[in-house]
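> Provided below are the primary sequence and the corresponding predicted coordinates.
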Number of protein chains: 2
Amino acid sequence: MALSERKKRILQAVVRDYIHSAEPVGSRTIARRYSLGLSPATIRNEMADLEESGYLEQPHTSAGRIPSQMGYRFYVDSLMEKVFISTEEVMAIEKILHERKEKEIEQFIQQISRVLSSITNYTSLVFGPIIKKSAFKQLKVLPLEPGVGLAILITDTGFIKHKAIQIPMGLDEKELEKMVAYINRRFYGLTMDTITSSLLKEVKGDLIKNVGLLNETLNLIEDAGRSQEGKLFLGGTTNILNQPEFRDVNRIKSLLALLEEEALLGSLLGSASPQGIEVRIGEENKLEEFKDLSMVVTTYKVVGRNIGTIGILGPIRMEYARVITLVEHLVLRLNSS
Amino acid sequence: MALSERKKRILQAVVRDYIHSAEPVGSRTIARRYSLGLSPATIRNEMADLEESGYLEQPHTSAGRIPSQMGYRFYVDSLMEKVFISTEEVMAIEKILHERKEKEIEQFIQQISRVLSSITNYTSLVFGPIIKKSAFKQLKVLPLEPGVGLAILITDTGFIKHKAIQIPMGLDEKELEKMVAYINRRFYGLTMDTITSSLLKEVKGDLIKNVGLLNETLNLIEDAGRSQEGKLFLGGTTNILNQPEFRDVNRIKSLLALLEEEALLGSLLGSASPQGIEVRIGEENKLEEFKDLSMVVTTYKVVGRNIGTIGILGPIRMEYARVITLVEHLVLRLNSS
DNA sequence: GTTAGCACTCTCATCATTAGAGTGCTAATT
DNA sequence: AATTAGCACTCTAATGATGAGAGTGCTAAC
């Protein structure tokens, strides 16, 4: 059953008001605050209908209405209006982007996470670039002291991984260089996850002489291809606690315990669809623990590959319009720079 | 004024009881629970005296007594009895130590932090090895592609720091090598914090030609010397919230906000005395924000230098005896392996 | 010096009461 | 036929009164 224009406007008013006040919204309030040209009584009737069709609910008989999850969903899909982001917000984002080159990529991601949480006032989860999806660019082996070297792996997205390795005593420098050059030739341009163990074995076969050295070095490469997770960065963990829904100590504790479980959050963000912004309202979240929270999730790109995930975690009564606009803007800027 | 033996025993009983119950302790409770062979009335009199001399306080007239900070201090200094750690606890620690070699140092520290928090049930802060106190071993500059290089700094304790730098177009390879060799000669063996900015300036003066390149490279070194903090690892952030003193939502929020301020925690732990275990009770903490918390702090060593700090953060009503014994044991094992 | 006895104090939980907000229904109005 | 005014009714949350319980401090007896 489609909603009448009037019902839509009333639903919109209820959602907006509740998002800001966190208090059940009554018919009088709406009549007063939103100029719909209707009396409280009419609004009451309409609200009763909206409740019947499942868009609103009543905490108890003599309280106002609050949106149901279905109500929020309808709001997000059809009623939400674009919001403008302030120049301050834009500035904060640009600042981080400009400082990008001076930082290691991890610091950069951390910064993004912080900015997002501070301008949204919710908690942000940013899943860092996944090394897996980066391409092999260069391997270097740096002799440190007799018998010990440092293998350095560099990807096209700017990852630098290193590992101390043992260099067999007898191996002369030229031979080492040859081996490294060969590895570089074989792997150049391949994304790390396509460098399978069979490919690695093949290379090992070609360079049979110094298997000991190779093992360690190739392990570095293999690890990079395996590592399921990029790092997860949390920002503004405590922001979300300022929401009135976290008046209760136990609620706080269980949420915090949740936020400590990196693996859990990883699986949550990992399932983000590869394009567009996804809004997950309450029960729409796959995990039991998040049934009373909402998330705005999206992916961002580095060097044209889908490579990281961004999530904003807030109460179901979240400022969807604002958060979506902000995340949209940020990702756009991230992808294009 | 010295306390009589009887007063000491009563004070001890009050502290112990309060540490476990978190409730003001009355004279009757002590008479019943601790076999001092005294009637409640006698104990009442003694407790009144102890209050007078500042070891105990009364939340309100008709409640029991709780230890004052001075009371805790006296307890920690003179009344505390050795506690034995369980085999499970020992096992948990040994397990981590054995896995040490397989891990990067940061993961290892993180593990330590987790174990500590889980066996103490408080929050643990472990300050990783401070690069500052490590000695300069080697600097390498690796050309990556035209105009871009990677500066790599290696310390004697196994730290490896790197930074992407720009290499001026005109600079030929030999010249670069010379510069790097010179830097290595100048800094070899110095601990990073003794490489002051005046020394850096001097080196800069000697190598005037390529100030641009130098700046970036020397920044890497300077950062390493400056970085007040090694990384800080928190474990069991939520543990402390289980303490009854954190019934209040605002209290929780302000503590959590505090724990997010890495710099603040850094300065707190950084001031740990270089040897032995330090107990900081409430107001003894230098920072306003920690006036109602207690800490057990100590340092641990890597390669024979004092290099990291461990802290356990709990309510003033902390199980000092147990925590101290555990930390003592852990540090002993850390230093000797 | 120690203890029993007792009046007194303070807190905390419980209960009843009440003001306020909001609904739902009916009847009047447009 | 749709809208609105009016009003009884419901539920919550705040307020205040009451009483049990725990513990003290003092006095007098041991």
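The structure has been received and is ready for your questions.

> I'd like to know which elements the helix or strand where A:Gln110 lies is packed against.
According to DSSP states H and E, A:Gln110 maps onto helix A:105-120. Packed against helix A:105-120 by the contact rule (3 or more C-beta pairs under 8 Å, 6 or more residues apart in numbering or on different chains; DSSP states H and E) you find helix A:87-98, strand A:123-127, strand A:232-235, strand A:305-315, helix A:320-335. Every C-beta, even on glycine, is put in place using the N, C-alpha and C of the backbone.

> And the strands in chain A, which stretches?
Taking DSSP state E to define them, one finds strands in chain A at A:56-57, A:66-67, A:123-127, A:136-145, A:148-155, A:160-166, A:232-235, A:278-281, A:293-302, A:305-315.

> ok so, going back, which stretch among the helices and strands packed on helix A:105-120 comes nearest DNA strand D?
strand A:305-315 (17.2 Å; C-beta to the nearest atom of the strand).

> buried residues in the closest one?
The neighbour-count check on strand A:305-315 (16 or more other C-beta atoms under 10 Å in any protein chain shown) flags A:Arg305, A:Ile307, A:Gly308, A:Thr309, A:Ile310, A:Gly311, A:Ile312, A:Leu313, A:Gly314, A:Pro315 as buried.

> Does that strand reach chain B?
No: Strand A:305-315 does not reach chain B (C-beta under 8 Å from any C-beta of the partner chain); its nearest approach is 15.1 Å.

> Excluding chain neighbours, give the residue nearest to A:Glu328 in space.
A:Ile277 (6.1 Å; C-beta to C-beta, 6 or more residues apart in numbering or on different chains).

> Touching, the one you found and A:Val296? I think so.
Yes: with contact defined as C-beta atoms under 8 Å, A:Ile277 reaches A:Val296; the gap is 6.3 Å.

> Pull up the residues of the stretch 1-150 of chain A that are close to chain B.
A:Glu104, A:Gln138, A:Lys140, A:Leu142, A:Leu144, A:Leu150.

> Looking at chain A, which residue is nearest DNA strand D?
Closest point on chain A to DNA strand D, by C-beta to the nearest atom of the strand, is A:Ser62, at 2.7 Å.

> what about that residue, how many neighbours?
8 (other C-beta atoms under 10 Å in any protein chain shown).

> Look up phi and psi at it.
Dihedral pair for A:Ser62: phi -100, psi 30, per degrees, to the nearest 10.

> quick one: it and A:Pro24, what's the gap?
According to C-beta to C-beta, to the nearest Å, A:Ser62 stands 10 Å off from A:Pro24.

> burial of A:Ile131, as a residue count?
Other residues close to A:Ile131 by other C-beta under 10 Å number 24.

> With A:Ala263 instead?
By other C-beta under 10 Å, neighbour count at A:Ala263 equals 10.

> I would like the residues contacting the helix holding A:Gln110, please.
Outside of helix A:105-120, the residues within contact range by C-beta atoms under 8 Å, 6 or more residues apart in numbering or on different chains are A:89, A:92-93, A:96, A:99-100, A:103, A:123-126, A:128-129, A:157-159, A:231, A:233-236, A:239, A:308, A:310, A:312, A:314, A:319, A:322-323, A:326-327, A:330, A:334.

> Equivalent analysis for stretch A:31-41, please.
Under C-beta under 8 Å, 6+ apart, the answer for stretch A:31-41 is A:Arg6, A:Arg9, A:Ile10, A:Ala13, A:Asp17, A:Gly26, A:Ser27, A:Arg28, A:Ile30, A:Ile43.

> give me that answer again for 6 Å
Outside stretch A:31-41, the residues that touch it by C-beta atoms under 6 Å, 6 or more residues apart in numbering or on different chains are A:Arg9, A:Ala13, A:Ser27, A:Arg28, A:Ile43.

> residue contacts, the last one?
With contacts defined as C-beta under 6 Å, 6+ apart, A:Ile43 is in contact with A:Ser27, A:Ile30, A:Ala31.

> Pull out the buried members of the contacts of helix A:105-120.
A:89, A:92-93, A:96, A:123-126, A:128-129, A:157-159, A:231, A:233-236, A:239, A:308, A:310, A:312, A:314, A:319, A:322-323, A:326-327, A:330, A:334.

> how many neighbours does the residue in the stretch 151-300 of chain A that DNA strand C sits nearest to have?
Nearest residue of the stretch 151-300 of chain A to DNA strand C: A:Val249, at 14.7 Å (C-beta to the nearest atom of the strand). Number of residues near A:Val249 (other C-beta under 10 Å) recorded here: 15.

> Ok, the one 10 residues further on next?
Burial of A:Leu259, expressed as a neighbour count using other C-beta under 10 Å, amounts to 19.

> From A:Ser117, how far out is the nearest residue to it once chain neighbours are set aside?
What sits nearest to A:Leu259 in space, not counting adjacent residues and going by C-beta to C-beta, 6+ apart, is A:Thr237, at 5.9 Å. If you measure A:Thr237 against A:Ser117 using C-beta to C-beta, the figure is 8 Å.

> neighbour count winner among the two?
A:Ser117 (24 against 21).

> Nearest residue to the more buried one in space, please, no chain neighbours.
Nearest non-adjacent residue to A:Ser117 (C-beta to C-beta, 6+ apart): A:Gly236, at 2.7 Å.

> wait, the one you found sits on A:Asn121?
No: A:Gly236 lies out of contact with A:Asn121 (C-beta atoms under 6 Å); the separation is 7.4 Å.

> which residues sit in contact with the closest residue to A:Val296 other than its chain neighbours?
Leaving aside its chain neighbours, A:Val296 sits nearest to A:Ile312 (4.5 Å; criterion: C-beta to C-beta, 6+ apart). Applying C-beta under 6 Å, 6+ apart to A:Ile312 gives the contacts A:Thr120, A:Tyr122, A:Ser124, A:Val296, A:Val323.

> A:Ile312 and chain B, how far apart?
18 Å (C-beta to the nearest C-beta, to the nearest Å).

> burial measure for the closest residue to chain B within the stretch 101-250 of chain A, as a count.
Residue of the stretch 101-250 of chain A nearest chain B, by C-beta to the nearest C-beta: A:Thr238 (4.7 Å). For A:Thr238, the neighbour count with other C-beta under 10 Å is 20.

> Give me the nearest residue to it, chain neighbours excluded.
Closest to A:Thr238 by C-beta to C-beta, 6+ apart is B:Leu256, at 4.7 Å.

> Also A:Lys301?
Closest to A:Lys301 by C-beta to C-beta, 6+ apart is A:Asn335, at 4.7 Å.

> Up against DNA strand C, what does the stretch 51-200 of chain A have?
Proximity of the stretch 51-200 of chain A to DNA strand C (C-beta under 7 Å from any atom of the strand) is limited to residues A:Glu51, A:Gln58, A:Thr61, A:Ser62, A:Ala63, A:Gly64, A:Arg65.

> residues contacting the closest residue to the second one other than its chain neighbours?
If I follow you right, that is A:Gln58. Once flanking residues are discounted, A:Gln58 sits nearest to A:Arg65: 5.7 Å by C-beta to C-beta, 6+ apart. By C-beta under 6 Å, 6+ apart, A:Arg65 lies in contact with A:Val14, A:Val25, A:Met47, A:Leu56, A:Gln58.

> All good on my end, thank you.
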